[in-house]
Each structure stands twice: as structure tokens, then as C-alpha cells.
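**Q** Show me the folded form of this:
(one chain, ligands or ions: 1)
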Amino acid sequence: MRTVQVDIAIAGAGIAGLWLANLLLGRGFDVAVCERSKIGGTQTLASQGLIHGGVKYALGGTATHAFEAVSDMPRRWRACLEGAGEIDLRGVRVISERYYLWSPDAPGARLAGFLASRLLHGRVERLSPSEYPQPFTGQAGTMYRLDDFVIDVAGLVRRLAAPLQGRIFPMAVEPEGLVMRHATVCAFESPDIRVEAERFVLAAGAGNEKLASAAGAEAHMRKLPLKQVLVRSSDPEPIFAHCIPGMRAEPALTITTLPGYHYLGGALASDGAKRSDVDQIDAARQELAQALPWIDWSNRTFDTLSIDRAEPEGPRLEGVFVETHENVLIAWPGKLTLAPGLGDRALRALA
Ligand SMILES: Cc1cc2nc3c(=O)[nH]c(=O)nc-3n(C[C@H](O)[C@H](O)[C@H](O)COP(=O)(O)OP(=O)(O)OC[C@H]3O[C@@H](n4cnc5c(N)ncnc54)[C@H](O)[C@@H]3O)c2cc1C
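**A** Modelled structure (predicted):
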């Protein structure tokens, strides 16, 4: 069996594990990342790549705690993308510099007032119809431009993995593979490899709960099932928008476009988890017809993608979850967007 000795061993190579590994490597720590399947993780590679300041959580008309936790994140990400942040993300492609809020109707007075409030000053801008981007040009409806953007998640994963060459080990860290000595973890062990370290980080997304419990910590998790929808067409006109028919407090559709398909999330995906694939595709067609009725959706191929979001239990979207137990740190970012906040908290906890 091969033995590797490092300062800090990390379980999971999603955004949490990769971000923390880069941060720690940059501070001179010797790190190893153990990943049981694909680099880029389960949720990370399935995400919509939206780096946002939380406006969508405030659509109810008040600034929640979650809104405050994420509001500075787009600025932090932009600094990284320009090579002036805590992690050098130069070269990662921004797929869309802008994100939009779109409603085919007029927003309610309360919501319109909130979107125009001082709190959102400079981060939300109401557009006049002459400013609507394609494919909204010439349409009747209401549009706001948000200070959010969309990144190429696959490119982000490649960029974060590059400095970690030779440090990412294909290895499932099973609960029984946590080698304990006097109530502290001293190694991750599989039949082929043993990774010994001073400190351990559990950044295994849905795998975290079992690992935390094996390490003697309590970290209760919940899974939020989603059924995302992919609308394939040969050359889709890009759409980057939350669609809010009637300007409800939650986007019915959150649309990002990748080469060959539109990727639909939002309430459609959370409400659709219980639907059959056929019913979910019908629901997607209805939502699209309501939100973007001038586009012909009939000749597209629809697919679904079922995936769980894994989050710590507790009030939803309260920000990142970082807890320490002996020499183990348990980390859940809650959102791709929150990776810089996760880094701050983890560094403080490891100090
Ligand atoms: C459909 C969808 C869309 C989303 N869109 C957005 C968005 O647009 N913007 C945003 O900010 N957030 C978004 N999110 C949330 C965001 O993607 C997640 O919060 C984030 O990616 C979680 O990262 P993670 O590293 O904790 O988990 P993951 O990405 O799931 O990574 C965990 C890794 O740990 C590995 N692992 C698990 N168990 C073990 C084990 N025992 N041993 C070794 N490895 C193990 C897994 O294989 C996986 O690679 C979205 C989530 C989903 C599901």
C-alpha cells in the first residue's frame, strides 16, 4: 500500500475541496485531495454557474441574512478572475457578464419598490425596452439587469485542478477508512493508499454526513432533490435570466445557456423533483410558453437531470457551514457562489 504524508488531507474534489486545496497550497501547506469519482464533484459540475449577489433571495421584498452573506461574493470572484484575489482564476471564461430578471408582466408595486431601493443601488438596474438584450428585444415585459454573472464551471474546475497536479488521489474515503487515534483522525485509508495528515477537511458534499459521524462529529445533512431540464437545440440563442411570471417572490425558471442546450433550474427544478420525467418536461414547456412565448419551443428536444443538493440542516441559505471537531474540519459551501466565504471561514478555523 502506498503512503502519502501531507499537512492537510481533503475528502472531495468539488468546489469546496478544490477551492480550499488551492487556498491552503498558496499559504504553503502540503495538501492532498481524495476524490472517489470525478474531479469537479457531483453538484459543482451540475451547477448553473451563476455567481450572484443574492438578489433572488430578497425578491420577497426584504433583505434576508442569506442576502447579506452572499452580497459581496461577485466582487470577490471578479477579483480572482482578474488575478487579484485570493486564488488566481485568470483564464476561466465568463460565459455571460450579465444576468437578468425578466417578467412578461409588470412587477407588483412592493417588489418594484424594493428592486429600486437604496439597498440594491448599483446592483439592480431597470432597463428600458430599447436596452433589452437578445432574445428579449422588442418584447413587452419588465426587465432588470443584475450585477451577477455566469462562469464556465468545467473551465473553473480545470483551473482549480491544475495547481493540484499529483495531489489529487482517486480514492473513496469510506467511514471505515477514517483511521482514528485517541479520538482524532490520523489517516484516510483505502486498500491501495493511506493519506496521513495533521488536519483533515471533509468537503465531500453528500458524503459529508457519514464521514463526519465516523470522525465523532455531528453534522446533519438534508438533501434537496432537484429535477433540472435541458432544452437541446443546435444553436440556442443564449438566455441568462430568472423568469418570474407575475414577479413572484421566487424565479419560476432560472435559465443559463451552454453550447447545445438551455439549462433550466429555479422553482421548476425544485417543484419538479416529485414529477415523472414526462410530467416535468410538460411543466417546462408550459413555463417556457408563459415566460418566453415568442420563442417556438416545439422543435426542441427536452431532457431531465435529477440531482440532489446536499446542505447542512438548519435555516436555509444562512451562508457557508464550517465546523471543527478535534483535527477535522467539516465544510459545505451551500452555493458555488459562496466559495470565497467558505475559504475565509476555513482559514480562520484552521489557524
Ligand atoms: C442543479 C444545481 C444547480 C446549481 N446552480 C448553482 C448556481 O448557479 N450558483 C451557485 O452558486 N450554486 C449553485 N448550486 C449549488 C452548488 O453547486 C453547490 O453548493 C456546490 O457545488 C457544492 O460543492 P461541494 O464541493 O460541497 O459538493 P460537490 O460538488 O457535490 O462535491 C463533493 C465531492 O465529494 C466527493 N465525495 C463524496 N463522498 C466522498 C467520499 N466518501 N470519498 C471521496 N470523495 C467523496 C464527490 O464525488 C464529489 O466530487 C447548484 C446546485 C445544483 C445541484
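
**Q** Please see if the helix or strand containing residue 32 touches the ligand.
**A** Secondary structure from DSSP states H and E places residue 32 in strand 31-35. Yes: for strand 31-35 and the ligand, the contact criterion (CB under 6 Å from any ligand atom) is met by 34, 35. Every residue, glycine included, has its C-beta placed from N, CA and C.

**Q** residue in the stretch 101-250 of the chain nearest to the ligand?
**A** At 2.2 Å from the ligand, residue 207 is the closest residue in the stretch 101-250 of the chain, using CB to the nearest ligand atom.

**Q** Give the helix, strand or coil label for that residue.
**A** With DSSP: H, G, I helix; E, B strand; the rest coil as the basis, residue 207 sits in helix.

**Q** I figured it hits residue 12, correct?
**A** Yes: using CB atoms under 8 Å, residue 207 makes contact with residue 12 at a distance of 6.6 Å.

**Q** before we move on, back to that, quick check: mean pLDDT of the strand holding residue 32?
**A** Across strand 31-35, pLDDT averages out at 98.

**Q** hang on, the earlier thing: which one of residue 207 and residue 12 is surrounded by more residues?
**A** Neighbours were counted for residue 207 and for residue 12 using other CB atoms under 10 Å; residue 12 has more, 28 against 21.

**Q** Give me the nearest residue to the more buried one, chain neighbours excluded.
**A** Nearest non-adjacent residue to residue 12, counting by CB to CB, 6 or more residues apart in numbering: residue 204, 3.7 Å away.

**Q** tell me the contacts of that neighbour?
**A** The neighbourhood of residue 204, defined by CB atoms under 8 Å, 6 or more residues apart in numbering, consists of 11, 12, 14, 17, 173, 211.

**Q** starting at the chain centroid, how far to the helix ranked longest in the chain?
**A** With secondary structure taken from DSSP state H, the chain has its longest helix at helix 277-291. Centroid displacement of helix 277-291 relative to its chain, using CA atoms, centre = their mean, to the nearest Å, is 24 Å.

**Q** Please name every helix or strand in contact with that helix.
**A** In terms of contacts (3 or more CB pairs under 8 Å, 6 or more residues apart in numbering; DSSP states H and E), helix 277-291 is packed against strand 221-232, strand 253-258, strand 261-265, helix 267-271, strand 301-312.

**Q** In CSV, list these along with mean pLDDT.
**A** Output for the helices and strands packed on helix 277-291, formatted as CSV (pLDDT from 0 to 100):
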stretch, mean pLDDT
strand 221-232, 95
strand 253-258, 96
strand 261-265, 97
helix 267-271, 96
strand 301-312, 94
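
**Q** Export these as TSV, with columns for mean neighbour count.
**A** Conversion of those to TSV gives the following (neighbours: other CB atoms under 10 Å):
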stretch	mean neighbour count
strand 221-232	18
strand 253-258	22
strand 261-265	23
helix 267-271	20
strand 301-312	18
